[in-house]
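Q: What would the 3D arrangement of this be:
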Amino acid sequence: MIGANIDKIKQETGENVKLVAVSKTKPVELIMEAYNAGQLVFGENKVQEMTEKYELLPKDIEWHLIGHLQTNKVKYIAPFVHLIHSVDSLKLLNEIEKQAQKSNRVISVLLQVFIANEETKFGLDETELNDLINYVNANTEQYKHVKITGLMGMASNTENETQIRNEFKKLKTIFEKLQTSNFKLQTLSMGMSHDYKIAAEEGSTMIRVGSLIFGER
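A: As a prediction, the model looks like this:
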């Protein structure tokens, strides 16, 4: 079933959209089932759970940290994390740079942008985003071990598809604006189990899907 679910999602979104299988709370056996079906990219939202699974699972898996990340937890994932989706402050970016340097790695990150009509979501507003990027651009010597490769955003948790679509359009517009300002971004991570089709239509290059692959908890 898991392999068939993965194939279905990939067919619906096309080959230009990378699928992150959200494996939080899922046992190693189910992750291996997805892995054996050819899925190599997995997303976790808790550092401890991700480090435990990293130890137990094949080492060619790409681990993505998709949840809110505290600065004091960065050191645990710095040796192996492939992409951090949720950078929402200069303080966190600086800590990733520091820990990546200790691990002699370059860690790719996405800047999380606040696009939802909900106070519970994390993220930078457009002014904060531009300030952070301008600071990094002006201080490139400080950032040799962290690489900003794109943006991530979460739409409101609503049944209103027009609202979701508009929020994704807003993020795509911000993304394109940054690209024209000579800031090379490749990844636009938006879309989850309930809205990934809309996200793909609106230009997402990476979706994060869990329950539609593994089933409900």
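Q: Show me the residue at the heart of the chain, geometrically.
A: His85 (3.2 Å; Cα atoms, centre = their mean).
Q: Could you check stretch 48-66 and say which residues are buried?
A: Met50, Thr51, Lys53, Tyr54, Leu57, Ile61, Trp63, His64, Leu65, Ile66 (16 or more other Cβ atoms under 10 Å). All C-beta spots, glycine's among them, are computed from the backbone N, C-alpha and C.
Q: Out of the residues you listed, name the ones that lie in strands.
A: Among the buried residues of stretch 48-66, the subset assigned to strands under DSSP state E consists of Trp63, His64, Leu65.
Q: how about those residues in JSON lines, adding pLDDT?
A: Below are those laid out as JSON lines (pLDDT from 0 to 100):
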{"residue": "Trp63", "pLDDT": "98"}
{"residue": "His64", "pLDDT": "98"}
{"residue": "Leu65", "pLDDT": "98"}
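Q: Tell me the one of those nearest Asn36?
A: Trp63 (17.4 Å; Cβ to Cβ).
Q: The closest one reaches Thr51, doesn't it?
A: No. Between Trp63 and Thr51 there is no contact under Cβ atoms under 8 Å: 9.1 Å.
Q: what's the overlap in contacts for those two?
A: Ile77 (Cβ atoms under 8 Å, 6 or more residues apart in numbering).
Q: could you say what helices and strands the longest helix along the chain packs with?
A: Assignment by DSSP state H gives helix 161-180 as the longest helix of the chain. If contacts are counted by 3 or more Cβ pairs under 8 Å, 6 or more residues apart in numbering; DSSP states H and E, helix 161-180 sits against helix 126-138, strand 146-153, strand 187-190, helix 196-201.
Q: Nearest to Val81, out of those?
A: Once the helices and strands packed on helix 161-180 are compared by Cβ to Cβ, strand 146-153 is nearest, at 11.4 Å.
Q: And what about the closest residue to Glu118 other than its chain neighbours, helix, strand or coil?
A: If the residues on either side of it in the chain are set aside, Glu118 comes closest to Ser156, at 5.5 Å by Cβ to Cβ, 6 or more residues apart in numbering. Taking DSSP: H, G, I helix; E, B strand; the rest coil as the rule, one finds Ser156 in the coil state.
Q: No more questions from me, cheers.
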